[in-house]
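[1] all I have is the shape, not the residue letters:
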């Protein structure tokens, strides 16, 4: 029986490759990607492929949901979704599969820039318009990028703390995101700029909570023991701020300090609800860009227009004065 | 199934008896499974302008390219499972090797060959150490390689400084040699990706190696009945160490392929790949109890998973439903094993 194994193994590998050699359905298009080629106007039907890095993160699930909701209002659009589950290699395959399906437009929120750059370029070079969300790819082989500005978000948060929460000055602890992550560095940089206006605001300690609620809670436990007087906890995202709140509550100190977060997801477990329910003093929106991506796709495919290469969405301050109103606005169907 | 039994089955002309047919069907269940899934994929493939998208040359090349890393790992995993062991460290070793390739060539400006040789050696030694812990200290391979997984991830994080090391190509400082980039290219008129060729070479080499070397008999003997193997003079300890070393070597080879395909070595590369590799081996008909199975089956198992992933994606099946379907396929493959007649 062994003698049969070699041909079987060889055939198994060769069959797939050779079967492919016989067909010539490969369509390469040399045309430069642009509105003229992909745009068929209002009468066209368009398949859009959305390649998501990881729907296990609530922020990214919300991005998909926003795209789904916005696309409902464009009858010409049929949006497909793929989830790479945080694996760069899987996301490369997802985009390759979209190319095979000959989609009309690609929306991608890359897991990481470098590993996805080549395959995004491949799609773009085939004449598929590409809209990149949240995290960039390298080079300029895409139609447009839509994202938030983390430095600006950090600056707004810093200003809000320096001017609104601690006009008389006070002690701040900073709960940072994952060390080495770009948003973490940028949010920190902006924050330091933002609090400069009020020299009486002092950052007395900082720790990394890796974006996670439970890690934020554990780090806050330690910070509370080490620092008898804390006035504001500035957290790089909402889950860590919620974790810090729990830690303070456990030792009965949650009323002595205020908590701020970033992200402000309009979901029941998100930051806006936390502000509405009084656990957080404020949070700052980090837009999912889903709605804007569909609008940009409509501009390219239906209106035959062009979009800006880089579109940066501003952040919004969410505090007790507007939380309920904005939550309702973001969830029109309840 | 031992070597002797193999030959006994082969000696029965196929088709002479229904038992012979059944035995053959079960023996190559993954190959028939692959053919069945392949045909189903053609039937259910989306079409565009009369073309069946699934069997386009580009797509088939993509399918095999996408499973090439898992396939290379799964070949090594087959060896380990054949002796009744398991290796949970392969995904982490892949990450370590990807980081190693990137750091050596980009940050340390090493040449292509020395980098690859060192990275492969690291995988080999890492695997051998796990083999030593299993064979000589007698810790179960599940535990040893669970610890190995943590250690390899830790080493990868330390070596990379905690984040992905981007690979740029060129002759300047902090650039990887362009010869390395070739590993990620396609050949034969831009159709066949080099990783596919590496996978094919590894698979064929493993099949040939199992066929011509005495090592193969030892492998099946240790997996079939370790005590009996030892008593009949099989160097059990050496066989075990060699098997884990081969598995580590192949995992680091997959890591090099991973790094060149993604232009980056990241300590988070390859998370969960050990499970995909084990799935390929199980679908391939190799018994987790050891002593029974084949590399050819594993190759077919890996390709089956690849075709399945591809056709589900081409039809835009919801990613959560995809997980359910893949889980059911693995259970079905394992269930078929239970039905297999023991000759």
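    Great, that's in hand. All values reported here derive from a predicted model rather than from experimental measurement.

[2] center of chain B - which residue?
    Nearest to the geometric centre of chain B sits residue B:74, at 1.9 Å (C-alpha atoms, centre = their mean).

[3] residues in contact with that one?
    B:276-278, B:280-281, B:284, B:298-299, B:301-302 (C-beta atoms under 8 Å, 6 or more residues apart in numbering or on different chains). C-beta: built from backbone N, CA, C; applies to glycine.

[4] by neighbours, which of those residues wins?
    The most neighbours of any of those, using other C-beta atoms under 10 Å in any protein chain shown, belong to residue B:277, which has 36 neighbours.

[5] for that one, what is the enclosing helix or strand?
    Per DSSP states H and E: residue B:277 is located in helix B:273-283.

[6] quick one: that helix near chain A?
    No. Using C-beta under 8 Å from any C-beta of the partner chain, helix B:273-283 never reaches chain A; the gap is at least 8.8 Å.

[7] mind checking the pLDDT average for that helix?
    Here helix B:273-283 scores 95 as its mean pLDDT.

[8] how far does that helix sit from the chain's center?
    Relative to the chain's own centre, helix B:273-283 is displaced by 8 Å; criterion: C-alpha atoms, centre = their mean, to the nearest Å.

[9] what segments of chain A are strands?
    Ranges of strands in chain A, per DSSP state E, are A:46-52, A:77-83, A:105-109, A:130-133, A:144-148, A:170-176, A:201-208, A:232-235, A:258-263, A:282-285, A:310-313, A:317-319.

[10] any idea of the mean pLDDT for the longest one?
    By that I understand strand A:201-208. Confidence for strand A:201-208, expressed as mean pLDDT, is 95.

[11] kindly report the same for the third one.
    For strand A:105-109, mean pLDDT rounds to 97.

[12] what helices or strands is the following helix or strand past the helix holding residue B:277 leaning on?
    Going down the chain from helix B:273-283, the next helix or strand is helix B:295-314, by DSSP H and E. Contacts defined by 3 or more C-beta pairs under 8 Å, 6 or more residues apart in numbering or on different chains; DSSP states H and E place helix B:295-314 against helix A:2-22, helix A:88-100, helix B:29-44, helix B:57-82, helix B:194-212, helix B:273-283, helix B:319-339.

[13] contacts for the second one, please.
    Applying C-beta under 8 Å, 6+ apart, the external contacts of helix A:88-100 come out as A:49, A:51, A:53, A:80, A:82-84, A:106, A:108, A:110-112, A:115-116, A:118-120, A:122-123, A:126, A:128, B:53, B:56, B:58-59, B:62, B:66, B:69, B:258, B:261-262, B:264, B:266, B:269, B:309-310, B:313-314.

[14] same thing but 6 Å
    For helix A:88-100, contacts defined as C-beta atoms under 6 Å, 6 or more residues apart in numbering or on different chains pick out A:49, A:51, A:82, A:84, A:106, A:111-112, A:115, A:119, A:123, B:53, B:59, B:62, B:66, B:262, B:313-314.

[15] before we move on, what SS does residue B:220 have?
    What DSSP: H, G, I helix; E, B strand; the rest coil gives for residue B:220 is helix.

[16] what count of nearby residues applies to residue A:55?
    21.

[17] can you check the one 5 residues further on too?
    Counted with other C-beta under 10 Å, residues neighbouring residue A:60 total 21.

[18] go on, residue B:25?
    14.

[19] so for the helix or strand in which it is found, what gets flagged as buried?
    Secondary structure from DSSP H and E places residue B:25 in helix B:18-27. Judged by neighbour count (16 or more other C-beta atoms under 10 Å in any protein chain shown), helix B:18-27 contains these buried residues: B:23-24, B:26-27.

[20] what does stretch B:34-45 give?
    In stretch B:34-45, counting by 16+ other C-beta under 10 Å, buried: B:34, B:37-38, B:41, B:45.

[21] nearest spatial neighbour of residue B:305, skipping sequence neighbours?
    In this structure, residue B:305 finds its nearest non-sequential neighbour in residue B:280, 5.8 Å apart by C-beta to C-beta, 6 or more residues apart in numbering or on different chains.

[22] now do the contacts for the one you found.
    B:74, B:298, B:301-302, B:305.

[23] among those residues, which one lies nearest to residue B:161?
    residue B:74 (30.7 Å; C-beta to C-beta).

[24] what about that closest one, distance to residue B:243?
    14 Å (C-beta to C-beta, to the nearest Å).

[25] doesn't residue A:86 make contact with residue A:54?
    Yes. The criterion here is C-beta atoms under 6 Å, and residue A:54 meets it with residue A:86 at 4.1 Å.

[26] next, show the common contact partners of these two.
    Joint contacts of residue A:54 and residue A:86 (C-beta under 6 Å, 6+ apart) do not exist.

[27] list phi and psi for residue A:181.
    Backbone torsions of residue A:181, given as degrees, to the nearest 10, read phi -80, psi 140.

[28] can you check residue A:73 too?
    phi -80, psi 0.

[29] list the buried ones in stretch B:205-222?
    B:206-207, B:210, B:215-216, B:218-222.

[30] where in the stretch 201-343 of chain B is pLDDT low?
    For the stretch 201-343 of chain B, residues meeting the criterion pLDDT under 70 lie at B:341-343.

[31] quick one: name the residues of it near chain A.
    Contacts of the stretch 201-343 of chain B with chain A, taken as C-beta under 6 Å from any C-beta of the partner chain, map to B:203, B:207, B:211, B:262-264, B:296, B:299-300, B:303, B:313-314, B:316, B:319.

[32] got a quick ChimeraX command for the buried subset of those?
    Here is the ChimeraX selection string for the buried members of these, based on 16+ other C-beta under 10 Å:
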select /B:203,207,262,263,264,296,299,300,303,313,314,316,319
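
[33] tell me the one among the residues of the stretch 201-343 of chain B next to chain A nearest to residue B:235.
    Closest approach to residue B:235 among those (C-beta to C-beta): residue B:211, at 20.0 Å.

[34] against chain B, how distant is the residue nearest the centre of chain A?
    Closest residue to the average C-alpha location of chain A: residue A:134 at 4.8 Å, with C-alpha atoms, centre = their mean. As judged by C-beta to the nearest C-beta, to the nearest Å, residue A:134 and chain B stand 17 Å apart.
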